[in-house]
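Chemist: with the input below, show me the fold.
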Amino acid sequence: MITVTTCSNNAEAELLHSLLVGAGIEAFVLDDAFGGAIRIQVDDAQAEEAKRLIAEAQVVDEEVDAEADDATR
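Modeler: Have a look, this model is predicted:
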């Protein structure tokens, strides 16, 4: 198992977990009991695909945020 990303809150972690599982990637959310970063882990063989999906999701999120900013100006 390998950590493909870390999240600062449970909502973000669950969203990314759902994205990965929906794409057929078995993913696990590991919460740090001491309040640290929440890790998302996948099988080593699926790590590259998981990282690609997460990166695409972040690009889309940034584009949506930019459009929302433009609309409020």
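Chemist: okay, CA-based contacts and neighbour counts for the rest of this
Modeler: Noted.
Chemist: quick one, what contacts the residue nearest the centre of the chain?
Modeler: Residue closest to the average C-alpha location in the chain (C-alpha atoms, centre = their mean): Leu16, at 3.5 Å. Residues near Leu16 by C-alpha atoms under 8 Å, 6 or more residues apart in numbering: Ile54.
Chemist: adjust the sequence numbering to begin at 30 for everything that follows.
Modeler: Got it, the first residue is 30 from now on, which makes the last one we talked about Leu45.
Chemist: give me the element it is part of.
Modeler: Assigned by DSSP states H and E, Leu45 falls within helix 39-51.
Chemist: what's the mean pLDDT across that helix?
Modeler: For helix 39-51, mean pLDDT is 94.
Chemist: could you list the buried residues of it?
Modeler: Ala42, Leu45, His46, Leu48, Leu49 (16 or more other C-alpha atoms under 10 Å).
Chemist: could you do stretch 66-76 as well?
Modeler: Applying 16+ other C-alpha under 10 Å to stretch 66-76 flags Ala66, Ile67, Arg68, Ile69, Gln70, Val71, Asp72, Gln75, Ala76 as buried.
Chemist: since that was my last question, I'll sign off now.
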